[in-house]
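Build me a model:
(2 chains)
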Amino acid sequence: MPDDDIDRARRRFLQTTGAGATLVLAGCSAFDSDSEETPTETPDPTPTDTQEETNPSESETDDPPESPSGQVEQLDAYPRVKIASVSELSTGDVIEFEYPLQEQSNFLTRLGEQAWDGVGPDGDIVAFNAMCTHAGCSVSGSVEPEDSRAGPCPCHYTSFDLSKGGLVNMGQATSDLPQIDLEVDGGDIYATYVEGLVWGYHNNLRTGTPIEAAQSN
Amino acid sequence: MSHDNDVPIPPTSAERHSTACRYCIVGCGYEVFKWPVGEEGGPSADENAFGIDFPAQALGGNGITTEMHTVIEENGEEYNVIVKPDDDNPVNNQWSSGDHSVRGGSIAQTLYSPENDTDDRLKYPQIRIGGTLQPVDWETAIEAVAKANELAMDRNGPNGVGQKLYFYQFVENTYAGTKLHFDVIGSPNWGGHNRPALTPENPGMRNAGLWQFAYDYEDTQKADNVVMVGAEFYENKSIIFQEHIQLGVQDGATPVHIDPRQTFTSNYSQNNDGMHLQLEVGTDAVLLSSVARHILEQGWENTEFIEQWTMRERSTIDDEGWYQKEFGQTFEEYQEAILDEPRYKPENAAEITGIPAEDIRSFAELIGKPDENGERPNTVFLWEKGLIWGFSHENSAALGNLVLLTGSVGRPGAGLSRGGGHQEGFWMGGPAGEAIGEHSTQTFTTSDGEEVTIAPDTDERVRNGEILHWHVIGCDPVRGSYNTQQLRNAVRERTSGPQPQSADAEEIARAWAERMDQGGMVLTNQEIYPRTTTEFADIVLPATTWGEESDYHRWNGERRLRQYSGFMEGPGEAKPDWEIFSMIGQEMGATDMNWGSADEIFEERWTRRASSCLHGWRTANSSGRTASTSLRRRCPAAAAFLQALATPSSCRWTGTESKLSTRSSNRTHRTTRSG
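A predicted model of the protein is given here:
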């Protein structure tokens, strides 16, 4: 196929990030043939758009330069960050948060059934990175706690099992959805670690602004 | 070295190779990056071999996962290897960039490394001595293979040797293997990895005169209808679905899934204004012929195409050969047969197939009815094992008839092709037609009482003792054939006789001769991993594979020639398959198999090849990125309608379809002789 055709196809996609809209329809309905619902909200299939602006390549050195603001420029280890309280999280709730870098969006949810590495009194509170491990689209708009599922992803329909460590149960992804390690301390939920590589990154702690630095700002 | 939470970035100095996926027929583009462990690129575009700023952009084709990375070892040095989708290749870059399936996304994990699960690769030639496989040097192993061939041919001529070889693992290897078998040995006993004889997999399509890969992926983007039969496209041919078919459906194409299973593709079809015809297992020929009947009753058939392209005279069909005489029909004969058969009335077909009559009519209208301006719908027909591995001839003939009836070939947005399986990598290197014609011990009796020689069923000849040395390459017949248990028992029994007590050539020859004289057999297994067949092998020959040493070629489901780069060494003393065939051939006296590289084999075949009918080629430039030339040759022969369900007592209903699978060999015979 000539290059101009490829460009045309790409333009067609870019013109219609609404291509996402069509595909979302197709994806959800393809997953559940009995569903007659038409999704009214369109998850943005390109959640990492903003990364272009925030790609701080200059911050990636072994010996970070002193920051003018005095903030931490680079993480050497996973921070312990409070993200919610057990008492304010009901079954089926979905809370989005960034960790450990800005733009690394995650979701916290309570499944109502015990989950691998789940915390809280019922072991059903889990958190995952929201970027599909196949091509980096966000599954945060298709988290279904009642089915312990994230997905089908709006881009290529990969679906993950939230009760089993983010296991791929359908689709093209080759690795589980990265699970965020949680700790409960005094009724508060803390994120402490990310199990698995966040899509698009070569290292979960590099090429971004640490979330703690942002909070302390 | 663990890379659970990070993956190294290739530096700008990394070796870069262009290749294609090692797996399915879609043939997506991939790139390989290789560089020494300890070196690493940086996250900004000018510091890494991708030329991108990290983090990578969603859908941009440059995200690297831990599964795309591995560490290999060569000459005591460790190297990082990343195998990632090419972000600039028309196969997997239409809707998103660098799209990949779960298979292609984990190719790196299949690369040989002493540090991971691939460590059980076969590394050294072995011979079974005293009942146990023992490492030997290549010279001893090759002498032993040649000796086994000689002993077998001394006793039963060329029929004493059998070969079972993959159809797909690159044209250079299959060319060398079939040259050894059909030219040097001259045996008719040849089976492919998935069938026991040299027969077509889609006899109905081929005998209707249709080439089974007659479309471009792009046609699905331009089609009015995409009909998918007996195949699961999202799961198994993922990138055609995600990057091509979906674009067509977004532009208004109607997806139709014909499959007894409720799968992703059927749900997708139902929910995108299409249809899922969930028929009863094994009733495809009735359903498709019923659709044809409704088209004929409505007068929707493509008369212009039929008159221009199909055989109108009985005598023309009879002149084609016994197979066409047996099964071929003129349009008038076909029309009469379809309209005379009461089972093809939609109401009756509904009872047999489980598909409501109104759905049969709707589908017929979708693919057959011209619009108010007389424009005909463009339909792409895609099918796979669900159609062809049942009642193969009847099913594929019934679908082929629909293609002819609607004229769905030869124009943009229309076409036909396989919907799954491996890429195509088979080049015939020897005179198979002559070997089969002169030596085959299998015949078929036509309805005229004529005895025709056909390609022999090699599994049967392993069981009945005709084959005395069986050379099995890259497949596992004692684990996966028809009637597998019986075959495995025969192989076990026939290899359990006298065993050599030392690696001495004379002792080996003595034991094997004795075994053959007692009705036994010698088994050679040429493989990359030990498999069940290896357990019974007398000689084990370790082979290299995808990415190892040689550059290779094969083509994908739209006839796009894919180029494969060798970028690493194989394990231990393993050698490329073509080189092993070359050594055996030369040991047996061949003087025209001393190739210095796989490229020399490609040149030998390419320069003397007369292309098959309707067999188009598309070549890529050295980077494998863009189609640069299009060499299409078309066969002047016309197409013919076929009996898809001749009589109620046909093979279709009596379940003797295994006979049918060998019937079409005459066609193969003729083609290979003329080629």
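
In three-state terms, label residue B:242 for me.
helix (DSSP: H, G, I helix; E, B strand; the rest coil).

now the one 3 residues further on
For residue B:245, the assignment made with three-state DSSP gives helix.

Pretty sure residue B:233 is one of the things it touches, is it not?
Yes: Residue B:245 is in contact with residue B:233 according to C-beta atoms under 8 Å; the separation is 6.6 Å. Every residue, glycine included, has its C-beta placed from N, CA and C.

give me the beta-bridge partners of residue 195?
Just going to use chain A. Beta-bridge pairing of residue A:195, defined through DSSP bridges, involves residue A:179.

Wait, chain B was what I had in mind.
Bridge pairing for residue B:195 - DSSP bridges - gives residue B:192.

Phi, psi for residue A:125 please.
Main-chain torsions, residue A:125, degrees, to the nearest 10: phi -100, psi 120.

what's around it, how many residues?
Number of residues near residue A:125 (other C-beta atoms under 10 Å in any protein chain shown) recorded here: 23.

Number of residues surrounding the nearest residue in space to residue A:120 that is not next to it in sequence?
Of all residues not flanking residue A:120 in the chain, residue A:86 sits nearest, at 5.2 Å (C-beta to C-beta, 6 or more residues apart in numbering or on different chains). Neighbourhood size, residue A:86 [other C-beta under 10 Å]: 16.

Tell me who's in contact with residue A:86.
For residue A:86, the contacting residues are A:120, A:121, A:125, A:184, A:187, A:188, A:189, by C-beta atoms under 8 Å, 6 or more residues apart in numbering or on different chains.

Need the max-distance pair from the residues you listed.
Farthest-apart pair in the contacts of residue A:86 is A:121 and A:188; separation 13.7 Å (C-beta to C-beta).

if you count what's nearby, which of these two comes out ahead?
residue A:188 (13 against 8).

The more buried one and residue A:87: what is the separation?
9 Å (C-beta to C-beta, to the nearest Å).

Ok, residue B:374 next?
71 Å.

What of residue B:299?
73 Å.

got the contact list for residue B:180?
B:163, B:429, B:430, B:581, B:584, B:585, B:590, B:593.

May I see these organised as CSV, with distance to chain A, neighbour count and secondary structure added?
Output for the contacts of residue B:180, formatted as CSV (distance: C-beta to the nearest C-beta, whole Å; neighbours: other C-beta atoms under 10 Å in any protein chain shown; DSSP: H, G, I helix; E, B strand; the rest coil):
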residue, distance to chain A, neighbour count, secondary structure
B:163, 36, 25, strand
B:429, 32, 26, coil
B:430, 36, 22, coil
B:581, 35, 32, helix
B:584, 39, 28, helix
B:585, 40, 25, helix
B:590, 42, 17, coil
B:593, 38, 24, coil
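
any chance of the residues you listed in TSV, plus pLDDT and distance to residue B:603?
Converted to TSV, the contacts of residue B:180 look like this (pLDDT from 0 to 100; distance: C-beta to C-beta, whole Å):
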residue	pLDDT	distance to residue B:603
B:163	98	24
B:429	95	13
B:430	95	17
B:581	98	17
B:584	98	21
B:585	98	18
B:590	97	18
B:593	97	14
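
can you tell me the average pLDDT over the longest helix along chain B?
Longest helix in chain B, counting residues (DSSP state H): helix B:138-156. For helix B:138-156, the mean pLDDT works out to 98.

what do you get for stretch B:434-441?
Here the average pLDDT along stretch B:434-441 is 96.

in stretch B:382-389, what's buried?
B:382, B:383, B:384, B:385, B:386, B:387, B:388 (16 or more other C-beta atoms under 10 Å in any protein chain shown).

check the residues you listed against chain A, which are close?
Near chain A, judged by C-beta under 8 Å from any C-beta of the partner chain, there are no entries from those.

Can you tell me which of those is nearest chain A?
Proximity of the buried residues of stretch B:382-389 to chain A (C-beta to the nearest C-beta) peaks at residue B:382, which lies at 17.5 Å.

Which residue is the nearest non-sequential neighbour of that closest one?
residue B:419 (4.0 Å).

That neighbour touches residue B:226, doesn't it?
No: the pair residue B:419 / residue B:226 is not scored as a contact, 10.3 Å apart, by C-beta under 8 Å.

Look at the two and report which has more neighbours.
residue B:226 (29 against 26).

Pull the residues that contact the helix or strand harbouring the more buried one.
Taking DSSP states H and E as the criterion, residue B:226 maps to strand B:225-229. Applying C-beta under 8 Å, 6+ apart, the contact partners of strand B:225-229 are B:220, B:245, B:248-249, B:253-259, B:265, B:269, B:284, B:366-367, B:377-384, B:386-387, B:399, B:419.
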